[in-house]
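J.: quick one, what's the 3D model for this:
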Amino acid sequence: MLTIYEQVQDAIDLTEANLTEGVTAREAARSAGMSLRTFHRYFPALTGYRFGEYVRRRRLSIAMDDLAVSGTSILAIALRSGYDSHEAFSRAFKKEFGMTPSQYRAEGPLARRVGEVDLVGEVMMGVLTKSLPKMTVVYFDGFKPEPEDSATREMEAWVERHPEAAGSHRVFGHNIDADGRLAHEPDNYGYRVMVTVPEQVLPFDDDTQVASIEAGTFVVTGIEGSFEDDPSGSWITEGWNRLDEMVKRNDLEIHPSHRWFEEVLEPTQPGNMRFDLYAELR
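T.: All right, here's what the predicted structure looks like:
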């Protein structure tokens, strides 16, 4: 099962291989195995760029390289970069880099450019790891008898009420005890669902509960299944066991805090549930 990082990386790889010809967002989403709506949510959440912005800035960065190392005409570079005229290319180039292509050729290199994004480059001993940044989240707690379901219903209702915060959000969760503290028992008393939100939408004018997920490095794997097909939830247990085995086999060390998360993702099959599992490394 691919992780969300590997899915979006497939779209990046397709886009990079076809920067000159162009790849539509729909084609990129298809290569990632996502709906277009989900793709537009996750691409900026993971890369920091909207898809169209990434394509534009990558083309301009490659054009900058061409201007520096080749004698190709500016018009030819403009056409290769997806612009239909010298003038349109020059305007875009100046907006991105602060000078025209002609000025750049005359005055020398610039430091500012966008390189190819590599989401799966963080590999330790052959295992995918991710250095998550500090993230601001709103959170929702649910308790027995249906902790995950009740927390998720609250979260979905909140997202409907706050469309300004529901753009490129990510959804994480973990078990909690009766006091809302991180718990590790599979038969959980409670569950916390956390939705990432941008700083610019804060503060909220209602009783929204805001917290932070602190930065850390995590080992990651993906799982998918359904309680209808497997009421025991063994597919989830098998995923965590696989993660533990990855850690042991490669002599990695789990952080003393034992932080862990499940990231809620769009399933590949109707009726399924899908997660990326995270365990924090030292």
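
J.: isn't residue 172 up against residue 262?
T.: Yes. Residue 172 is in contact with residue 262 according to Cβ atoms under 8 Å; the separation is 6.9 Å. To be clear about C-beta, it is placed using only N, CA and C from the backbone, and glycine gets the same treatment.

J.: overlap in contacts, these two.
T.: Common contact partners of residue 172 and residue 262 (Cβ atoms under 8 Å, 6 or more residues apart in numbering): residue 278.

J.: find the residue at the geometric middle of this protein.
T.: Nearest residue to the geometric centre of the chain (Cα atoms, centre = their mean): residue 46, 2.7 Å.

J.: which element follows the worst-scoring helix or strand of the chain on mean pLDDT toward the C-terminus?
T.: Least confident helix or strand, the chain: strand 123-124 with a mean of 78, by mean pLDDT, DSSP states H and E. Past strand 123-124, heading to the C-terminal end, the next element that is a helix or strand (DSSP states H and E) is strand 127-132.

J.: give the partner strands of that next one in its sheet and their orientations.
T.: If you go by DSSP bridges, strand 127-132 pairs up with strand 123-124 (antiparallel), strand 216-225 (antiparallel).

J.: JSON lines for these, including mean neighbour count and distance to residue 52?
T.: Shown next, in JSON lines, are those (neighbours: other Cβ atoms under 10 Å; distance: least, Cβ to Cβ, whole Å):
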{"stretch": "strand 123-124", "mean neighbour count": "11", "distance to residue 52": "29"}
{"stretch": "strand 216-225", "mean neighbour count": "20", "distance to residue 52": "27"}
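
J.: which residues in the stretch 51-200 of the chain form strands?
T.: Applying DSSP state E, counting those that start in this stretch to the stretch 51-200 of the chain gives strands spanning 123-124, 127-132, 135-143, 171-176, 190-196.

J.: pick the most buried one from those.
T.: strand 190-196 (a mean of 23; mean count of other Cβ atoms under 10 Å).

J.: what does the pLDDT read for the residue of the chain positioned farthest from its centre?
T.: In the chain, the greatest distance from the average C-alpha position (Cα atoms, centre = their mean) is reached by residue 106, at 38.8 Å. On pLDDT, residue 106 comes in at 86.

J.: just to revisit the earlier point, and the strands of the stretch 51-200 of the chain, which one is worst for confidence?
T.: Ranked by mean pLDDT, those end with strand 123-124 at the bottom, a mean of 78.

J.: now that strand, how far from the centre of its chain.
T.: Strand 123-124 sits 18 Å away from the centroid of its parent chain (Cα atoms, centre = their mean, to the nearest Å).

J.: ok, now stretch 191-202?
T.: On Cα atoms, centre = their mean, the centre of stretch 191-202 falls 15 Å from that of its chain.

J.: what's the answer for stretch 259-278, then?
T.: 13 Å.

J.: which residues are contacting that stretch?
T.: So stretch 259-278 is in contact with 1, 3-4, 33-35, 38, 130, 132, 170-174, 182, 184, 193, 213, 216, 218-228, 236, 239-240, 243, 279-280, going by Cβ under 8 Å, 6+ apart.

J.: report the contact partners of residue 118.
T.: 9, 12.

J.: quick one: low-confidence parts of the chain?
T.: 109-111, 125 (pLDDT under 70).

J.: tell me how many other residues crowd residue 244.
T.: Look at residue 244: counted by other Cβ atoms under 10 Å, it has 13 neighbours.

J.: show me the contacts for residue 198.
T.: Neighbouring residues of residue 198 by Cβ under 8 Å, 6+ apart: 136, 165, 167.

J.: re the thing from before, where's the residue nearest to the centre of the chain, which helix or strand?
T.: Short version, using DSSP H and E: residue 46 is in helix 36-47.
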